[in-house]
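Student: predicted model, plus sequence, below.
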There are 2 protein chains.
Amino acid sequence: MADLTNVLQTEHPILPQFTQRRSPRAYTAQPVAAEALQRLFTAAGSAASCFGEQPWRFIVGSKATSPEAFEKILGALAPFNQTWVKEAPVLALAVAKTTFSHDGNPNAWARHDVGQATANLAVQAVELGLQIHQMAGFSPDAARAAFAIPADFELVSIFTIGYPGPADALPDPLKERETAPRTRKPLGEIMFEGGWPSVQGERYDQAKV
Amino acid sequence: MADLTNVLQTEHPILPQFTQRRSPRAYTAQPVAAEALQRLFTAAGSAASCFGEQPWRFIVGSKATSPEAFEKILGALAPFNQTWVKEAPVLALAVAKTTFSHDGNPNAWARHDVGQATANLAVQAVELGLQIHQMAGFSPDAARAAFAIPADFELVSIFTIGYPGPADALPDPLKERETAPRTRKPLGEIMFEGGWPSVQGERYDQAKV
(Lines give C-alpha, C1' and ligand atoms only; values in the text may rest on other atoms or scores of the structure.)
Protein backbone atom coordinates (compact mmCIF):
# COMPACT_ATOMS: atom_id res chain seq x y z
CA MET A 1 0.00 0.00 0.00
CA ALA A 2 1.48 3.32 -1.06
CA ASP A 3 2.22 5.94 1.59
CA LEU A 4 1.07 9.17 -0.05
CA THR A 5 1.81 11.50 2.87
CA ASN A 6 4.18 14.33 1.91
CA VAL A 7 5.11 12.92 -1.46
CA LEU A 8 8.19 14.73 -2.79
CA GLN A 9 7.40 16.89 -5.82
CA THR A 10 10.19 16.86 -8.40
CA GLU A 11 10.63 18.65 -11.70
CA HIS A 12 12.22 15.58 -13.29
CA PRO A 13 10.32 12.29 -12.80
CA ILE A 14 11.96 9.66 -10.59
CA LEU A 15 10.86 6.28 -9.18
CA PRO A 16 7.79 6.55 -6.92
CA GLN A 17 9.70 4.67 -4.22
CA PHE A 18 11.93 7.77 -3.98
CA THR A 19 9.16 10.37 -3.94
CA GLN A 20 7.10 8.35 -1.42
CA ARG A 21 10.06 7.64 0.89
CA ARG A 22 10.01 9.78 4.01
CA SER A 23 11.20 9.61 7.63
CA PRO A 24 8.07 9.27 9.75
CA ARG A 25 7.89 9.33 13.54
CA ALA A 26 4.32 7.96 13.75
CA TYR A 27 3.80 4.23 13.18
CA THR A 28 0.92 1.82 13.59
CA ALA A 29 1.32 -1.05 16.07
CA GLN A 30 1.32 -3.58 13.20
CA PRO A 31 4.32 -5.89 13.54
CA VAL A 32 6.71 -6.34 10.61
CA ALA A 33 6.73 -9.98 9.45
CA ALA A 34 10.02 -11.87 9.30
CA GLU A 35 9.75 -12.21 5.50
CA ALA A 36 9.40 -8.43 5.13
CA LEU A 37 12.49 -7.86 7.29
CA GLN A 38 14.40 -10.41 5.24
CA ARG A 39 13.47 -8.60 2.04
CA LEU A 40 14.56 -5.25 3.50
CA PHE A 41 18.00 -6.46 4.50
CA THR A 42 18.44 -8.43 1.29
CA ALA A 43 17.88 -5.14 -0.55
CA ALA A 44 20.46 -3.49 1.72
CA GLY A 45 22.94 -6.24 0.94
CA SER A 46 22.50 -5.79 -2.81
CA ALA A 47 24.26 -2.40 -2.73
CA ALA A 48 27.60 -1.70 -4.37
CA SER A 49 30.67 -1.52 -2.13
CA CYS A 50 34.36 -0.71 -2.40
CA PHE A 51 36.29 -3.92 -3.30
CA GLY A 52 32.98 -5.78 -2.85
CA GLU A 53 33.66 -5.66 0.90
CA GLN A 54 29.97 -5.39 1.89
CA PRO A 55 30.97 -3.67 5.16
CA TRP A 56 27.36 -3.37 6.39
CA ARG A 57 26.00 -5.23 9.42
CA PHE A 58 22.62 -4.67 11.04
CA ILE A 59 21.42 -5.66 14.50
CA VAL A 60 17.63 -5.92 14.52
CA GLY A 61 15.38 -5.61 17.55
CA SER A 62 11.69 -6.37 17.04
CA LYS A 63 9.12 -5.80 19.77
CA ALA A 64 7.30 -8.91 18.60
CA THR A 65 10.19 -11.35 18.31
CA SER A 66 13.31 -9.86 19.95
CA PRO A 67 12.06 -7.38 22.57
CA GLU A 68 15.31 -7.39 24.61
CA ALA A 69 17.32 -6.22 21.60
CA PHE A 70 14.64 -3.60 20.89
CA GLU A 71 15.06 -2.22 24.42
CA LYS A 72 18.86 -2.22 24.15
CA ILE A 73 18.81 -0.25 20.91
CA LEU A 74 16.16 2.11 22.32
CA GLY A 75 18.31 2.67 25.40
CA ALA A 76 21.23 3.93 23.29
CA LEU A 77 19.13 6.70 21.75
CA ALA A 78 19.06 10.30 22.90
CA PRO A 79 16.14 10.82 25.35
CA PHE A 80 14.30 13.08 22.90
CA ASN A 81 14.31 10.36 20.24
CA GLN A 82 13.18 7.69 22.71
CA THR A 83 9.87 9.47 23.29
CA TRP A 84 8.55 8.65 19.83
CA VAL A 85 10.82 5.75 18.81
CA LYS A 86 9.40 3.53 21.55
CA GLU A 87 6.14 3.33 19.57
CA ALA A 88 7.81 1.83 16.47
CA PRO A 89 7.57 -1.97 16.05
CA VAL A 90 11.19 -2.57 14.96
CA LEU A 91 14.57 -0.90 15.49
CA ALA A 92 17.82 -1.55 13.67
CA LEU A 93 21.41 -0.56 14.44
CA ALA A 94 23.64 -0.04 11.37
CA VAL A 95 27.28 -1.00 11.85
CA ALA A 96 30.27 -0.59 9.52
CA LYS A 97 33.31 -2.89 9.34
CA THR A 98 36.11 -0.30 9.22
CA THR A 99 38.83 -2.53 7.76
CA PHE A 100 39.05 -4.45 4.50
CA SER A 101 38.80 -8.20 4.95
CA HIS A 102 41.27 -8.92 2.13
CA ASP A 103 44.21 -6.99 3.61
CA GLY A 104 43.19 -5.53 6.99
CA ASN A 105 43.74 -1.94 5.82
CA PRO A 106 41.32 0.87 6.83
CA ASN A 107 38.27 1.14 4.57
CA ALA A 108 37.59 4.86 4.02
CA TRP A 109 34.37 3.94 2.20
CA ALA A 110 32.88 1.86 5.03
CA ARG A 111 30.40 4.51 6.21
CA HIS A 112 29.70 5.51 2.60
CA ASP A 113 28.80 1.94 1.71
CA VAL A 114 26.66 1.45 4.82
CA GLY A 115 24.85 4.55 3.57
CA GLN A 116 24.33 2.87 0.19
CA ALA A 117 22.93 -0.24 1.87
CA THR A 118 20.61 1.76 4.12
CA ALA A 119 19.34 3.83 1.19
CA ASN A 120 18.44 0.63 -0.66
CA LEU A 121 16.69 -0.67 2.45
CA ALA A 122 14.65 2.55 2.70
CA VAL A 123 13.51 2.20 -0.93
CA GLN A 124 12.61 -1.48 -0.54
CA ALA A 125 10.65 -0.49 2.59
CA VAL A 126 8.46 1.88 0.57
CA GLU A 127 7.78 -0.93 -1.88
CA LEU A 128 6.42 -3.00 1.04
CA GLY A 129 4.32 -0.16 2.52
CA LEU A 130 6.91 0.40 5.25
CA GLN A 131 9.06 3.42 6.10
CA ILE A 132 12.24 3.89 8.09
CA HIS A 133 13.59 6.88 10.04
CA GLN A 134 17.36 7.09 10.43
CA MET A 135 18.88 8.75 13.48
CA ALA A 136 22.35 10.00 14.31
CA GLY A 137 21.35 11.03 17.85
CA PHE A 138 22.52 8.05 19.90
CA SER A 139 25.45 6.96 22.07
CA PRO A 140 27.82 4.71 20.08
CA ASP A 141 29.54 3.73 23.35
CA ALA A 142 26.26 2.64 24.93
CA ALA A 143 25.23 0.66 21.85
CA ARG A 144 28.65 -0.98 21.55
CA ALA A 145 28.59 -2.00 25.21
CA ALA A 146 25.01 -3.28 25.04
CA PHE A 147 25.84 -5.67 22.19
CA ALA A 148 29.60 -6.27 22.74
CA ILE A 149 30.42 -5.05 19.23
CA PRO A 150 34.12 -5.57 18.33
CA ALA A 151 36.45 -2.56 18.02
CA ASP A 152 36.94 -2.80 14.26
CA PHE A 153 33.25 -2.10 13.69
CA GLU A 154 31.91 1.46 13.81
CA LEU A 155 28.36 2.29 14.90
CA VAL A 156 26.75 4.40 12.20
CA SER A 157 23.03 4.92 12.77
CA ILE A 158 19.88 3.64 14.41
CA PHE A 159 16.64 3.49 12.44
CA THR A 160 13.01 2.63 13.00
CA ILE A 161 11.14 0.26 10.69
CA GLY A 162 7.34 0.23 10.61
CA TYR A 163 4.06 0.95 8.89
CA PRO A 164 3.44 4.72 8.96
CA GLY A 165 0.51 5.79 11.14
CA PRO A 166 -1.53 8.92 11.78
CA ALA A 167 0.39 11.90 13.12
CA ASP A 168 -2.29 12.63 15.76
CA ALA A 169 -0.57 10.58 18.45
CA LEU A 170 2.63 12.64 18.27
CA PRO A 171 3.33 15.61 20.56
CA ASP A 172 2.53 18.96 18.93
CA PRO A 173 5.91 20.07 17.56
CA LEU A 174 6.54 16.62 16.06
CA LYS A 175 2.99 16.49 14.66
CA GLU A 176 3.71 19.60 12.62
CA ARG A 177 7.02 18.25 11.34
CA GLU A 178 5.34 14.95 10.41
CA THR A 179 2.97 16.66 8.02
CA ALA A 180 5.28 19.39 6.68
CA PRO A 181 6.03 19.09 2.95
CA ARG A 182 9.33 17.44 2.00
CA THR A 183 11.66 19.80 0.19
CA ARG A 184 15.01 19.45 -1.53
CA LYS A 185 17.74 21.77 -2.81
CA PRO A 186 17.19 22.76 -6.46
CA LEU A 187 19.05 20.45 -8.84
CA GLY A 188 21.36 23.30 -9.83
CA GLU A 189 22.76 23.38 -6.28
CA ILE A 190 23.90 19.75 -6.27
CA MET A 191 24.59 18.82 -9.94
CA PHE A 192 27.33 20.83 -11.65
CA GLU A 193 27.93 19.94 -15.29
CA GLY A 194 31.32 21.08 -16.54
CA GLY A 195 32.91 22.22 -13.28
CA TRP A 196 32.58 23.46 -9.72
CA PRO A 197 30.30 26.53 -9.68
CA SER A 198 32.53 28.91 -7.76
CA VAL A 199 30.21 31.91 -7.86
CA GLN A 200 26.91 30.18 -7.18
CA GLY A 201 28.54 27.76 -4.77
CA GLU A 202 30.07 30.52 -2.70
CA ARG A 203 26.87 32.50 -2.65
CA TYR A 204 24.94 29.45 -1.51
CA ASP A 205 27.38 28.60 1.23
CA GLN A 206 27.52 32.17 2.48
CA ALA A 207 23.75 32.27 2.67
CA LYS A 208 23.77 29.16 4.85
CA VAL A 209 26.50 30.24 7.29
CA MET B 1 15.16 -1.52 -21.45
CA ALA B 2 16.15 -3.95 -18.74
CA ASP B 3 19.80 -4.98 -18.40
CA LEU B 4 19.56 -8.73 -17.71
CA THR B 5 23.32 -9.43 -17.58
CA ASN B 6 24.38 -11.01 -14.28
CA VAL B 7 21.08 -10.46 -12.49
CA LEU B 8 21.55 -10.99 -8.74
CA GLN B 9 19.73 -14.10 -7.50
CA THR B 10 18.22 -13.58 -4.05
CA GLU B 11 16.32 -15.91 -1.75
CA HIS B 12 13.97 -13.13 -0.68
CA PRO B 13 12.43 -11.07 -3.51
CA ILE B 14 13.54 -7.45 -3.87
CA LEU B 15 12.93 -4.70 -6.42
CA PRO B 16 14.21 -5.61 -9.91
CA GLN B 17 16.15 -2.34 -9.99
CA PHE B 18 18.33 -3.84 -7.21
CA THR B 19 18.84 -7.26 -8.80
CA GLN B 20 19.56 -5.72 -12.23
CA ARG B 21 21.96 -3.09 -10.88
CA ARG B 22 25.59 -3.92 -11.55
CA SER B 23 28.91 -2.13 -12.12
CA PRO B 24 29.78 -2.61 -15.79
CA ARG B 25 32.99 -1.56 -17.49
CA ALA B 26 31.64 -1.95 -21.05
CA TYR B 27 29.34 0.75 -22.42
CA THR B 28 27.86 1.58 -25.78
CA ALA B 29 28.78 4.92 -27.34
CA GLN B 30 25.19 6.15 -26.94
CA PRO B 31 25.19 9.56 -25.22
CA VAL B 32 23.09 10.11 -22.10
CA ALA B 33 20.46 12.81 -22.71
CA ALA B 34 20.31 15.83 -20.44
CA GLU B 35 16.85 14.81 -19.18
CA ALA B 36 18.15 11.37 -18.17
CA LEU B 37 21.04 12.97 -16.25
CA GLN B 38 18.61 15.33 -14.54
CA ARG B 39 16.47 12.41 -13.44
CA LEU B 40 19.51 10.54 -12.10
CA PHE B 41 20.68 13.43 -9.96
CA THR B 42 17.15 14.29 -8.84
CA ALA B 43 16.92 10.71 -7.54
CA ALA B 44 20.26 11.20 -5.77
CA GLY B 45 18.98 14.39 -4.17
CA SER B 46 15.86 12.65 -2.84
CA ALA B 47 17.91 10.63 -0.33
CA ALA B 48 17.66 11.07 3.42
CA SER B 49 20.45 13.00 5.18
CA CYS B 50 21.52 13.91 8.69
CA PHE B 51 19.78 17.17 9.73
CA GLY B 52 18.50 17.37 6.13
CA GLU B 53 21.93 18.73 5.18
CA GLN B 54 21.97 17.15 1.69
CA PRO B 55 25.80 17.18 1.72
CA TRP B 56 26.05 15.66 -1.76
CA ARG B 57 27.47 17.53 -4.76
CA PHE B 58 28.24 16.05 -8.17
CA ILE B 59 30.46 17.40 -10.94
CA VAL B 60 29.39 15.92 -14.26
CA GLY B 61 31.56 15.58 -17.37
CA SER B 62 29.84 14.39 -20.54
CA LYS B 63 31.79 13.59 -23.70
CA ALA B 64 28.91 15.01 -25.74
CA THR B 65 28.28 18.27 -23.89
CA SER B 66 31.16 18.93 -21.46
CA PRO B 67 34.22 17.10 -22.84
CA GLU B 68 36.76 19.22 -20.92
CA ALA B 69 35.25 18.21 -17.58
CA PHE B 70 35.14 14.59 -18.78
CA GLU B 71 38.88 14.73 -19.46
CA LYS B 72 39.60 16.36 -16.09
CA ILE B 73 37.72 13.68 -14.18
CA LEU B 74 39.32 10.95 -16.31
CA GLY B 75 42.75 12.40 -15.56
CA ALA B 76 42.26 12.02 -11.80
CA LEU B 77 41.66 8.27 -12.10
CA ALA B 78 44.27 5.58 -11.54
CA PRO B 79 45.85 4.57 -14.89
CA PHE B 80 44.30 1.09 -14.74
CA ASN B 81 40.81 2.56 -14.47
CA GLN B 82 41.43 5.05 -17.28
CA THR B 83 41.89 2.24 -19.82
CA TRP B 84 38.22 1.26 -19.76
CA VAL B 85 36.62 4.40 -18.29
CA LYS B 86 37.60 6.47 -21.33
CA GLU B 87 34.99 4.53 -23.34
CA ALA B 88 32.08 5.59 -21.09
CA PRO B 89 29.95 8.53 -22.29
CA VAL B 90 29.65 10.33 -18.93
CA LEU B 91 31.73 10.64 -15.74
CA ALA B 92 30.70 12.08 -12.39
CA LEU B 93 32.70 13.10 -9.35
CA ALA B 94 30.89 12.73 -6.00
CA VAL B 95 31.79 15.33 -3.39
CA ALA B 96 30.72 15.63 0.28
CA LYS B 97 30.31 18.86 2.23
CA THR B 98 32.07 17.96 5.48
CA THR B 99 30.52 20.60 7.71
CA PHE B 100 26.91 21.28 8.68
CA SER B 101 25.55 24.45 7.11
CA HIS B 102 23.43 25.30 10.18
CA ASP B 103 26.31 25.48 12.67
CA GLY B 104 29.60 24.83 10.83
CA ASN B 105 30.37 21.72 12.91
CA PRO B 106 31.87 18.59 11.30
CA ASN B 107 29.30 16.27 9.71
CA ALA B 108 30.34 12.69 10.51
CA TRP B 109 27.54 11.44 8.23
CA ALA B 110 28.66 13.37 5.12
CA ARG B 111 30.24 10.41 3.33
CA HIS B 112 27.44 8.14 4.54
CA ASP B 113 24.83 10.43 3.04
CA VAL B 114 26.73 10.84 -0.24
CA GLY B 115 26.59 7.04 -0.29
CA GLN B 116 22.81 7.15 0.14
CA ALA B 117 22.48 9.65 -2.72
CA THR B 118 24.73 7.63 -5.02
CA ALA B 119 22.84 4.41 -4.24
CA ASN B 120 19.59 6.11 -5.24
CA LEU B 121 21.21 7.34 -8.43
CA ALA B 122 22.36 3.81 -9.28
CA VAL B 123 18.82 2.47 -8.85
CA GLN B 124 17.26 5.26 -10.93
CA ALA B 125 19.88 4.51 -13.60
CA VAL B 126 18.67 0.91 -13.90
CA GLU B 127 15.13 2.20 -14.32
CA LEU B 128 16.34 4.22 -17.34
CA GLY B 129 18.36 1.36 -18.87
CA LEU B 130 21.61 2.91 -17.62
CA GLN B 131 24.25 1.61 -15.21
CA ILE B 132 26.98 3.27 -13.17
CA HIS B 133 30.34 1.98 -11.92
CA GLN B 134 31.73 3.62 -8.78
CA MET B 135 35.47 3.86 -8.25
CA ALA B 136 37.61 4.65 -5.24
CA GLY B 137 40.85 4.46 -7.24
CA PHE B 138 41.55 8.10 -8.01
CA SER B 139 43.65 11.01 -6.75
CA PRO B 140 41.54 13.34 -4.59
CA ASP B 141 44.32 15.96 -4.77
CA ALA B 142 44.35 15.88 -8.58
CA ALA B 143 40.56 16.12 -8.79
CA ARG B 144 40.44 18.95 -6.23
CA ALA B 145 43.08 20.90 -8.12
CA ALA B 146 41.45 20.30 -11.52
CA PHE B 147 38.14 21.79 -10.36
CA ALA B 148 39.28 24.16 -7.56
CA ILE B 149 37.03 22.44 -5.03
CA PRO B 150 36.99 24.25 -1.65
CA ALA B 151 38.68 22.72 1.39
CA ASP B 152 35.47 21.97 3.31
CA PHE B 153 34.37 19.53 0.63
CA GLU B 154 35.74 15.98 0.53
CA LEU B 155 36.16 14.01 -2.71
CA VAL B 156 34.39 10.69 -2.31
CA SER B 157 34.17 8.74 -5.58
CA ILE B 158 34.19 8.89 -9.36
CA PHE B 159 31.62 6.95 -11.34
CA THR B 160 30.79 6.20 -14.95
CA ILE B 161 27.27 6.62 -16.33
CA GLY B 162 26.22 4.90 -19.56
CA TYR B 163 24.24 2.28 -21.41
CA PRO B 164 25.85 -1.13 -20.82
CA GLY B 165 27.46 -2.68 -23.90
CA PRO B 166 28.91 -6.02 -24.96
CA ALA B 167 31.90 -7.23 -22.93
CA ASP B 168 33.81 -8.23 -26.09
CA ALA B 169 35.60 -4.92 -26.40
CA LEU B 170 37.18 -5.22 -22.94
CA PRO B 171 40.66 -6.69 -22.38
CA ASP B 172 40.57 -10.35 -21.34
CA PRO B 173 40.78 -10.18 -17.53
CA LEU B 174 38.09 -7.48 -17.45
CA LYS B 175 35.93 -9.40 -19.92
CA GLU B 176 35.78 -12.31 -17.50
CA ARG B 177 34.91 -10.06 -14.56
CA GLU B 178 32.21 -8.36 -16.63
CA THR B 179 30.33 -11.60 -17.14
CA ALA B 180 31.00 -13.26 -13.76
CA PRO B 181 27.87 -13.83 -11.65
CA ARG B 182 27.14 -11.24 -8.94
CA THR B 183 27.27 -12.74 -5.48
CA ARG B 184 26.48 -11.47 -2.01
CA LYS B 185 27.14 -12.57 1.57
CA PRO B 186 24.33 -14.77 2.93
CA LEU B 187 21.72 -12.73 4.80
CA GLY B 188 22.74 -14.36 8.08
CA GLU B 189 26.17 -12.71 7.84
CA ILE B 190 24.83 -9.15 7.67
CA MET B 191 21.44 -9.20 9.52
CA PHE B 192 21.58 -10.16 13.18
CA GLU B 193 18.22 -10.27 14.93
CA GLY B 194 18.52 -10.08 18.71
CA GLY B 195 22.20 -9.27 19.05
CA TRP B 196 25.75 -9.39 17.70
CA PRO B 197 26.57 -12.98 16.68
CA SER B 198 29.84 -13.33 18.57
CA VAL B 199 30.57 -16.90 17.60
CA GLN B 200 29.51 -16.80 13.96
CA GLY B 201 30.85 -13.27 13.56
CA GLU B 202 34.28 -14.22 14.87
CA ARG B 203 34.44 -17.30 12.76
CA TYR B 204 33.53 -15.32 9.68
CA ASP B 205 36.06 -12.61 10.35
CA GLN B 206 38.83 -15.10 11.05
CA ALA B 207 38.12 -16.83 7.78
CA LYS B 208 38.50 -13.54 5.95
CA VAL B 209 41.72 -12.34 7.61
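Tutor: Arrived safely. Residues are numbered from 1 along each chain as shown, chains lettered A, B, ... in the order given.
Student: alpha carbons only for contacts and neighbour counts from here, please
Tutor: Fine.
Student: what about the closest residue to chain B within chain A, distance to residue A:101?
Tutor: Closest residue of chain A to chain B, CA to the nearest CA: residue A:112 (4.0 Å). Counting by CA to CA, to the nearest Å, the gap from residue A:112 to residue A:101 is 17 Å.
Student: of these two, who's got more company?
Tutor: Taking other CA atoms under 10 Å in any protein chain shown, residue A:112 and residue A:101 do not tie; residue A:112 has more neighbours (29 against 19).
Student: ok, that one - contacts?
Tutor: Residue A:112 makes contact with B:111, B:112, B:113, B:114, B:115, B:116, according to CA atoms under 8 Å, 6 or more residues apart in numbering or on different chains.
Student: run the last query once more with 6 Å
Tutor: Neighbour list for residue A:112: B:111, B:112, B:115 [criterion: CA atoms under 6 Å, 6 or more residues apart in numbering or on different chains].
Student: could you do residue A:115 as well?
Tutor: Residue A:115 neighbours (CA under 6 Å, 6+ apart): B:112, B:113, B:115, B:116.
Student: so which of the residues you listed are in helices?
Tutor: If you go by DSSP state H, those have B:112, B:113, B:115, B:116 in helices.
Student: looking at stretch A:88-96 now, give me its mean pLDDT.
Tutor: For stretch A:88-96, mean pLDDT rounds to 98.
Student: ditto for stretch A:156-173
Tutor: Mean predicted confidence for stretch A:156-173 is 94.
Student: roughly how far out does the lengthiest strand in chain A sit from the chain middle?
Tutor: The longest strand of chain A (DSSP state E) is strand A:153-162. Centroid separation between strand A:153-162 and its chain, computed with CA atoms, centre = their mean, to the nearest Å, is 7 Å.
Student: hmm, who's touching that strand?
Tutor: Under CA under 6 Å, 6+ apart, the answer for strand A:153-162 is A:27, A:89-98, A:130-136, A:140.
Student: how close does the residue nearest to residue A:21 when sequence neighbours are not counted sit to residue B:25?
Tutor: Distances taken as CA to CA, 6 or more residues apart in numbering or on different chains put residue A:126 closest to residue A:21, at 6.0 Å, once the chain neighbours are dropped. Distance, residue A:126 to residue B:25, by CA to CA: 31 Å.
Student: neighbour count winner among these two?
Tutor: Neighbours per residue (other CA under 10 Å) separate residue A:126 from residue B:25, with residue B:25 holding more: 26 against 23.
Student: how much space between the more buried one and chain A?
Tutor: Distance check for residue B:25 against chain A: by CA to the nearest CA, to the nearest Å, it reads 14 Å.
Student: who's in contact with that residue?
Tutor: Residue B:25 neighbours (CA under 6 Å, 6+ apart): none.
Student: name the element it belongs to?
Tutor: Following DSSP states H and E, there is no helix or strand that holds residue B:25.
Student: enumerate the residues of chain A near chain B.
Tutor: Chain A comes close to chain B at residues A:12, A:14, A:39, A:43, A:57-61, A:66, A:69, A:101, A:111-113, A:115-116, A:119, A:147, A:190-196, A:208-209, as judged by CA under 6 Å from any CA of the partner chain.
Student: quick one, which of these are buried?
Tutor: For the residues of chain A next to chain B, burial is judged from neighbour counts taken by 16 or more other CA atoms under 10 Å in any protein chain shown, and it is met by A:14, A:39, A:43, A:57-61, A:69, A:101, A:111-113, A:115-116, A:119, A:147, A:190-196.
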